[in-house]
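S.K.: How does the following fold in three dimensions:
(chains A and B)
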Amino acid sequence: MTGVGTNRVAIIVDGRAVAADVEPRTLLADFLRDTCGAVAVHIGCGEGTCGACTVALDGIAVRSCLMLAVQADGGTIVTAAGLAALDGPPDAQNLTPLQLAFRAHHALQCGFCTPGILVATALFLRANPHPTRAEIVDHLSGHLCRCTGNVPIIAAIEAAAGATAP
Amino acid sequence: MTRPLRFGTRTPRREDPDLLRGEGKFLADLIPQGALWLTVVRSTDAHAIILGLDAEAAKAMPGVAAIVTAADLPAGLGHLPCVDLIDTSLPVFHPVLAGERIRYAGQPIAAVVASTPAQAEDAAAAVIVATRKLAPVLSAADALRPESPWLYPELGTNAVHVTRQLVGDPDAAFSVAALVVEETVAVHRVGAAPMEMRGCFGEVEPGSGRLVLTSTTQIPQSVRAHLAEILTRPAESILVRAPRLGGGFGLKEAMYPEEVLVLLLAERLGRPVAFLEDRREHFRSAVQAREETIRIRAAFAVDGTATAVDVACLADIGGAYGLVANAPGAAIANARGGYVMPNFRSVATSVVTNKPPLNVYRGAGHPQAVLAMERVMDKAATALGIDRAAIRRHNLIPAWMLPLDRGISYSGLPRQILDSGDYVHAFDMTLEAIGYAAFPARKAAFEAAHPRRKLGLGLSFMVEMTAVGPDEPAEIEVLPDGRVRLHAALTAMGQGIETVLGQVVADTLGIDLDAVEISLADTDRIPFAVGTYASRGGAVGGSAAAKAGKALIEVATDLGADLLGVDRSAVEWSEGAIVRRDGTNEPLPLVELARLAASAGRADALRASVRFAVPDTSFAYGAHAAIVEVDTGTGVVTVLDYAVTHDCGRLGNPMIVDGQIVGGVTQGIGATLYEEIAFDAAGRPLTQGFFDYPIPVAATAPRFHLLHLETPSPHNPLGMKGAGEAGFTGTPAAITNAVADALGQDLPLTRDPGPLSPARIRALLREREVAQAAGFSA
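M.R.: The predicted model follows:
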């Protein structure tokens, strides 16, 4: 329904074009999940603290719960479901090198926070392919994980960065 | 050649690929198209009488389908359950919606259903609730004062549940003790705070009319049974399912008003009704944990032998019972942990206050009980001039004394018989791992280089009930394509249960892991079970899975003999196939057997249903040690090193067990140093989200040193005990003891509730300085 109180939003989500009319107050996270079917976007707090809903918007990590859908109009979004676009070719199970490193290091348990961490980390490693441990820890400051104790996540990122080193 | 066993290996987790691709199928991903949305109107008062409620304007708002108050609920609707009451427990049950009286800020008052979540929230905000405020009761100590208001005036008291234990003759032991140590340990309120919040949706199944609840619950079978009572309907007319949970930790081992409301409203409105909590709401409507004050006295002989312990626990359970009333009592009964201490007395009192209900959280009451006992051990060592490790070693139960009946019993739980292990060995391994012998030199060198900063090393030893019964069901079937599907009652919540059960079934049948499917937590398949809690899933669920696999081998071999037209004794099961004992023909693999059975119209024969009866509780144990740095200027506590030697029997998947320990320790660090659910003077929650509820992050992670012993449990065929709660259980004690070691055993770290935050550490140090300057303190 187009009409009073809605705005047209057209975005590309993991390679798929989506256009819809939304209320101005609609959060990008809700738009991605409810309208675009991007269920890899997990809502853990809705207030920008946990990082689970992080997506790449035009190559920048954003918390989709802190943006309005209308602000993303015209943008290109990558979620964990399309991580290959940020991280390199996937294997037969459609897992990228970063995802495989997380699996190998038991860097996820319930997996609820994982998609946001993956997207943010893929962008982080593009900008800083050989981070120090301290830089990884600093990078993870924007993400909450309640299960793993974070140590395995640091190890997985170190391994992924090492694996892509020349 | 025998196929290598999966059990005991670091098998990569089967649930990972879905989760890594964001295809985890969490509750929010499963809500049916066209569902209506529930928002709950919650009390903003902590204690009040509802005078009136006006929803007329709200009902007229866009998209609103229904607004329901307590008066609109069906007559005879029950209250939320509590599962471990005893004869003397007083009735303080949580209503689905508050009727006359509000007992905590956040308590549900009305249910609003609309077409979208936003419309439901808009309408909820327009519901007007008129109340007469009452004075709130905000601590257990206040609740017991004579002048305190009663939350349930008809009861004439706020103390609603008391359990006692007595072993031996503690009074006699105290009367001849060389040293009596007394300590008060006040533990503040925290929350499990899983990354996925609560959610549920209700539907009416077309045709059958059954009510179908899908919920973020660790206990779908129990929820079904409770729903039948609350709704006064036959349990057969209700079906409950749990998808994968984004963390549980006991917060989802509960029953919530929304689980009742979505079913009632789905039936009334003829459409699915869904509820998703938001994070602000979470901190006032999900169950909370731990808040209690323990007073402990222990009697020691001059050589450091602890002869008696007397412990009293006062728990602040909030405005009504959670699902479990006696977590403080059950755990305090276990306060001796791994120490001999032949004489013992405990009393645990639960008191109602104007806060959200208290329930279990990882370790239930154990972490608090361990903290109290371990503070006492440090105090006794200091008073007697005995090394802290030596006094613990001296009092630990030696391996030859196991099994040891502790003489404890509590309602609804089995006897407390410490079954197996080598406590002293585990303790020594931890001392080695943390560098206990070299620590004084490390401390001296560090403090010489950093005058404002102190190092401390803390020790703790924990024993806890795991792998509890009474029993665990499993069903197994062969699919038409020859793959095997195991149905378990358990809920997946990050603990890797799909992987562990898969390992067990693959090993039992001698088939590939990929040929095993795991189906979980669906009461349509398995209606009766107790749930996923108390570190029981791997051990008892795994044992049920092994039993199901063995039963399948029997029926498959019977059928194979029949279809091959040979005598049953001529064939046997080997490596996922029927083979002739005389080796005269090719093995008949399961996939062929399934095909033959289908063409013979006997596919239904390839299934089995079992129930593994748990003979007794397995007690897992562990020795923890922490090294912390404390900046006496800022008050910041940093955990540098953390060592755990844990014995959970045989390790089904060592990678998963290590993950449980590290994750649990990390939550324990959070609860000890950072986290607190706080309330203002009117009882309104100050904790709104992760901004003011800081949980541990990568930057706060210590170096971990993990070790295991593997003493098989005698109580299940896999020899497993539980590991899920072990990390948390020893941590508050090890960290607190480390801070005490850094700053002085005289600093009253546990006198008042609250995390050991920078502000609190600075205040305690300042208090001591003032007292010393005034000449008040030794």
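S.K.: show me where the stretch 101-250 of chain B has helices.
M.R.: B:117-125, B:140-143, B:170-175, B:220-231 (DSSP state H, counting those that start in this stretch).
S.K.: pLDDT below threshold where in the chain?
M.R.: By default, I'm working from chain A. A:1-4, A:163-166 (pLDDT under 70).
S.K.: Chain B, not that one
M.R.: For chain B, applying pLDDT under 70 flags the ranges B:1-2, B:410-414, B:777-778.
S.K.: hang on, the earlier thing: using a markdown table, please lay out the helices of the stretch 101-250 of chain B together with mean neighbour count and distance to B:Arg602.
M.R.: Just so you know, the C-beta spots here come from the backbone N, C-alpha and C atoms, and that holds for glycine as well. Below are the helices of the stretch 101-250 of chain B laid out as a markdown table (neighbours: other C-beta atoms under 10 Å in any protein chain shown; distance: least, C-beta to C-beta, whole Å):
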| stretch | mean neighbour count | distance to B:Arg602 |
| --- | --- | --- |
| helix B:117-125 | 20 | 50 |
| helix B:140-143 | 20 | 63 |
| helix B:170-175 | 17 | 65 |
| helix B:220-231 | 22 | 30 |
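S.K.: Please identify which of the ones you listed is closest to chain A.
M.R.: With C-beta to the nearest C-beta as the measure, helix B:117-125 is the member of these nearest chain A (7.0 Å).
S.K.: Just list what the closest one packs against, helices and strands only.
M.R.: strand B:36-42, helix B:56-59, strand B:64-69, strand B:108-114 (3 or more C-beta pairs under 8 Å, 6 or more residues apart in numbering or on different chains; DSSP states H and E).
S.K.: what's it in contact with?
M.R.: If you take C-beta atoms under 8 Å, 6 or more residues apart in numbering or on different chains as the criterion, helix B:117-125 is touched by A:23, A:25, B:37-41, B:58-59, B:61-64, B:67, B:110, B:112-114, B:276.
S.K.: Can you dump the C-alpha atoms of that helix in CSV for me?
M.R.: Presented in CSV, the C-alpha positions along helix B:117-125 are these (Å, rounded to 0.1, in the frame of the first residue of the first chain):
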residue,chain,number,x,y,z
PRO,B,117,4.0,-5.3,16.5
ALA,B,118,4.1,-1.5,16.2
GLN,B,119,0.3,-1.3,16.3
ALA,B,120,0.2,-3.5,19.4
GLU,B,121,2.8,-1.4,21.1
ASP,B,122,1.0,1.8,20.2
ALA,B,123,-2.3,0.4,21.6
ALA,B,124,-0.5,-0.9,24.7
ALA,B,125,0.8,2.5,25.4
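S.K.: Between the helices and strands packed on helix B:117-125, which one is closest to B:Asn585.
M.R.: Among the helices and strands packed on helix B:117-125, strand B:36-42 comes nearest to B:Asn585, with 61.1 Å by C-beta to C-beta.
S.K.: partners of the closest one in the sheet?
M.R.: Strand pairing for strand B:36-42, determined by DSSP bridges: strand B:108-114 (antiparallel), strand B:273-276 (parallel).
S.K.: Reformat those as a markdown table; add mean neighbour count.
M.R.: Listed next are those as a markdown table, based on neighbours: other C-beta atoms under 10 Å in any protein chain shown:
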| stretch | mean neighbour count |
| --- | --- |
| strand B:108-114 | 26 |
| strand B:273-276 | 26 |
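S.K.: one step back: need the buried ones from the contacts of helix B:117-125 selected in PyMOL.
M.R.: The following PyMOL line selects those of the contacts of helix B:117-125 that are buried, judged by 16 or more other C-beta atoms under 10 Å in any protein chain shown:
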select buried, chain B and resi 37+38+39+40+41+58+61+64+67+110+112+113+114+276
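S.K.: Redo the helices of the stretch 101-250 of chain B as TSV? Include distance to B:Arg393.
M.R.: Output for the helices of the stretch 101-250 of chain B, formatted as TSV (distance: least, C-beta to C-beta, whole Å):
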stretch	distance to B:Arg393
helix B:117-125	58
helix B:140-143	35
helix B:170-175	21
helix B:220-231	41
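S.K.: now for those helices, which one comes closest to B:Gln745?
M.R.: That would be helix B:170-175 among the helices of the stretch 101-250 of chain B, by C-beta to C-beta, at 21.9 Å.
S.K.: how about the strands of chain A, start to end?
M.R.: Under the criterion DSSP state E, chain A carries strands at the ranges A:7-13, A:16-22, A:54-57, A:60-63, A:76-78.
S.K.: sorry, back to before: could you point out which of the strands paired with strand B:36-42 sits nearest A:Ile43?
M.R.: Nearest to A:Ile43 among the strands paired with strand B:36-42 is strand B:273-276 (8.1 Å), distances taken as C-beta to C-beta.
S.K.: what does the closest one contact?
M.R.: B:27-28, B:31-32, B:35-40, B:113, B:117, B:197-202, B:258, B:261-262, B:265-266.
S.K.: make it 6 Å
M.R.: With contact meaning C-beta atoms under 6 Å, 6 or more residues apart in numbering or on different chains, strand B:273-276 is reached by B:28, B:31, B:35-38, B:113, B:199-202, B:258, B:262, B:265-266.
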